[in-house]
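Asks: compute the structure for the input listed below.
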Amino acid sequence: MQTPVVGDAAPIPTGVPGLDEILHGGYAAQRAHLIEGRPGSGKTTLGLQFLLDGLKRGERGLYITLSESRRELLSVAERHGWSLDGVEIYELVPPELSLDSEQQQSLIHSSDLELGETVRMALAEIERVNPVRVVFDSLSEIRLLSQGSLRYRRQVLALKSYFLLNNATVLMLDDLSSEDDDLNLHSISHAVLRLEQVTPTYGAGRRRLHVIKMRGTPYESGYHDFVLRRGGVRIFPRLVAADHHTAFTFGTVACGVPELDAVLGGGLDRGTTNLIIGPSGAGKSTLALGYLMAALEAGEHGLIISFDETTGILLRRALGVGFDIGPHVESGLLRIEQMDPADVSAGDFAGRIRDAVETDQARVVVIDSLTGYMSAMSGQPHLVLQMHEMTTYLNQQGVVTILVLAQHGMVGRMEAPVDLTYVSDTVVMLRFFEAGGRVRRALSVLKKRTGPHEDTIREFRIDAQGLRVGSVLRQFRGVLTGVPTFEGDRADLLDDRPDPSPRIIDQESRQQAGTGPDNLTGPHGATGPHGAA
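Replies: Numbers count the residues shown, from 1 in each chain. Next comes the predicted model:
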């Protein structure tokens, strides 16, 4: 009986970002792993990353290819910016497929001779190189030569046994050219990983990985999104909030507007999810910027996930209401991630947030807006589950999370595209109302789990100097129906505020922001002397 070698079945790095986390350390050493997927799903790239990682660690690697030529493999590596120097590439051409006259026989090859010769050539190369890591690409050619499931299983078992005797860690690639033999391969493989491609009706295709089995080792089940770009495969492990607990100090982020902080019971608490909801143009994004700006000025890192605005427009809009966030972006204190809903996957979205929180130490995260994020998802149930897991994770990291959600309609009855109030610790509602022949805004806090808050309705206003909140509007009805009416005294409403002196935004800043002294850019691109939208 053979004595187990030291480190037998111990996890070894995969060379693929994110995959080690899913497999709880990596592939099992000295075992055979099956990587299956349709052509173009990323199997070859995954195999090359495995060998290149071993090369960095001083381990010999061998790539046995029956499906792609050496020239094609070198071309793939070059496009990723890799060099395969040091990686042995054995281009295995079965004798019956060779155009070399010396290898051709005058008699017709039997299937036994074809298959046996092919396997013998592969084993001879393994014995010559004595590799630590092997990629066998692909099993479909062995399947074709076998001409039967029984002989195919025997040959794969023979390869597996030979690899184990030589203490090699092997990736066997299969292009799923025949679904009939899947269970044969699954039963004899130590681990099975499947790569899939999903093509939506509109937008870029999505890729995902599924670990079907991993003997004797825990792993993260379910689907994990991944991208295939220059530099290789990057996998985004499915976020499990229960696996991420971080001790943090409870506190409150105040925006510096006394009336606004009073409405919210002092501000937004750390480790909470805060939902700002209202119609388009009500000032939701600007309200979120007010709290983000306060955190940035206190030296904390922040993150903005923008689905609806480009970075340039976001900077100009913020500057037009007195929030100059440009210097914070340049210093690295603020990170802006502009996302295209047609191209981003849920895993990519979660991966960027995790990177900002765990690497950049972001303490305030603004997602603007959930409507754009919902467009990137395949359906509402997925959005709710994803956001529940994401907000739980952020809460456990002590992050102040601000979600912006636009409701359908401007006035009258309004509906949200998705109900996320139950995952939110604080819900702030913005509404329009009419008074004195002008359209104004009203702010109210409907919910706050972590402490007391005002149950009043106050006027909310945005101008070139930032945010303003007026006194309590006591004679106000209909705000929750979407047709609010103010029946109080005109003196209770906010008056126009004169231009600041000294001016907060100088002439040069106005020119950069595309505004003039009489035409200040208001929230959401609206213009007017008071920034009304």
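Asks: secondary structure class for the residue most central in space within the chain?
Replies: Residue closest to the mean C-alpha point of the chain, counted by Cα atoms, centre = their mean, is Asp348 at 1.9 Å. At Asp348 the chain is in helix, as set by DSSP: H, G, I helix; E, B strand; the rest coil.
Asks: could you check how far it is from Arg207?
Replies: Using Cβ to Cβ, to the nearest Å, Asp348 is found at 10 Å from Arg207. Just so you know, the C-beta spots here come from the backbone N, C-alpha and C atoms, and that holds for glycine as well.
Asks: now for the two: what residues contact both?
Replies: The contact sets of Asp348 and Arg207 overlap at 225, 227 (Cβ atoms under 8 Å, 6 or more residues apart in numbering).
Asks: burial of Asp495, as a residue count?
Replies: 9 (other Cβ atoms under 10 Å).
Asks: quick one, helices of the stretch 101-250 of the chain?
Replies: 111-129, 139-146, 149-165, 182-188 (DSSP state H, counting those that start in this stretch).
Asks: wait, doesn't Leu62 sit right on Glu125?
Replies: Yes. Leu62 is in contact with Glu125 according to Cβ atoms under 8 Å; the separation is 7.1 Å.
Asks: out of those two, which sits in the busier spot?
Replies: Remark: of Leu62 and Glu125, Leu62 carries more neighbours, 23 against 16, as counted by other Cβ under 10 Å.
Asks: flag the shaky bits of the stretch 151-300 of the chain, pLDDT-wise.
Replies: 179-182 (pLDDT under 70).
Asks: report pLDDT for the residue nearest to the centre of the chain.
Replies: Asp348 is assigned 90 on the pLDDT scale.
Asks: show me where the stretch 401-533 of the chain has strands.
Replies: Per DSSP state E, counting those that start in this stretch, the stretch 401-533 of the chain carries strands over the ranges 426-435, 438-448, 457-463, 466-472, 476-477, 485-486.
Asks: and what of the stretch 151-300 of the chain?
Replies: 169-174, 191-198, 206-214, 223-229, 232-236, 252-253, 268-269, 273-279.
Asks: thought Gly266 was touching Lys448?
Replies: No. Counting by Cβ under 8 Å, Gly266 stays clear of Lys448, with 10.0 Å between them.
Asks: run a quick neighbour tally on the closest residue to Gly7 other than its chain neighbours.
Replies: Spatially, and ignoring its direct neighbours in sequence, Gly7 is nearest to Ala29 (5.5 Å; Cβ to Cβ, 6 or more residues apart in numbering). If you count neighbours by other Cβ under 10 Å, Ala29 ends up with 18.
Asks: Phe226 bridge partners, please.
Replies: With DSSP bridges as the criterion, Phe226 is bridged to Arg207, Ile235.
Asks: how far away is it from Leu48?
Replies: Remark: distance between Phe226 and Leu48 (Cβ to Cβ) = 15 Å.
Asks: neighbour-wise, which of those two wins?
Replies: Comparing Phe226 with Leu48 by other Cβ under 10 Å, the one with more neighbours is Phe226, at 29 against 24.
Asks: residue contacts, that one?
Replies: Taking Cβ under 8 Å, 6+ apart, we find Phe226 in contact with 18, 42, 195, 207-209, 233-236, 347.
Asks: okay, the residues you listed in JSON lines with distance to Leu405 and neighbour count next?
Replies: Converted to JSON lines, the contacts of Phe226 look like this (distance: Cβ to Cβ, whole Å; neighbours: other Cβ atoms under 10 Å):
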{"residue": "Gly18", "distance to Leu405": "29", "neighbour count": "19"}
{"residue": "Gly42", "distance to Leu405": "35", "neighbour count": "22"}
{"residue": "Leu195", "distance to Leu405": "34", "neighbour count": "24"}
{"residue": "Arg207", "distance to Leu405": "29", "neighbour count": "22"}
{"residue": "Arg208", "distance to Leu405": "27", "neighbour count": "21"}
{"residue": "Leu209", "distance to Leu405": "31", "neighbour count": "28"}
{"residue": "Val233", "distance to Leu405": "34", "neighbour count": "25"}
{"residue": "Arg234", "distance to Leu405": "30", "neighbour count": "18"}
{"residue": "Ile235", "distance to Leu405": "30", "neighbour count": "25"}
{"residue": "Phe236", "distance to Leu405": "24", "neighbour count": "25"}
{"residue": "Gly347", "distance to Leu405": "22", "neighbour count": "25"}
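Asks: now those in CSV, with distance to Asp85?
Replies: Compiled in CSV, those are given as follows (distance: Cβ to Cβ, whole Å):
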residue, distance to Asp85
Gly18, 26
Gly42, 23
Leu195, 27
Arg207, 29
Arg208, 33
Leu209, 29
Val233, 21
Arg234, 24
Ile235, 26
Phe236, 31
Gly347, 33
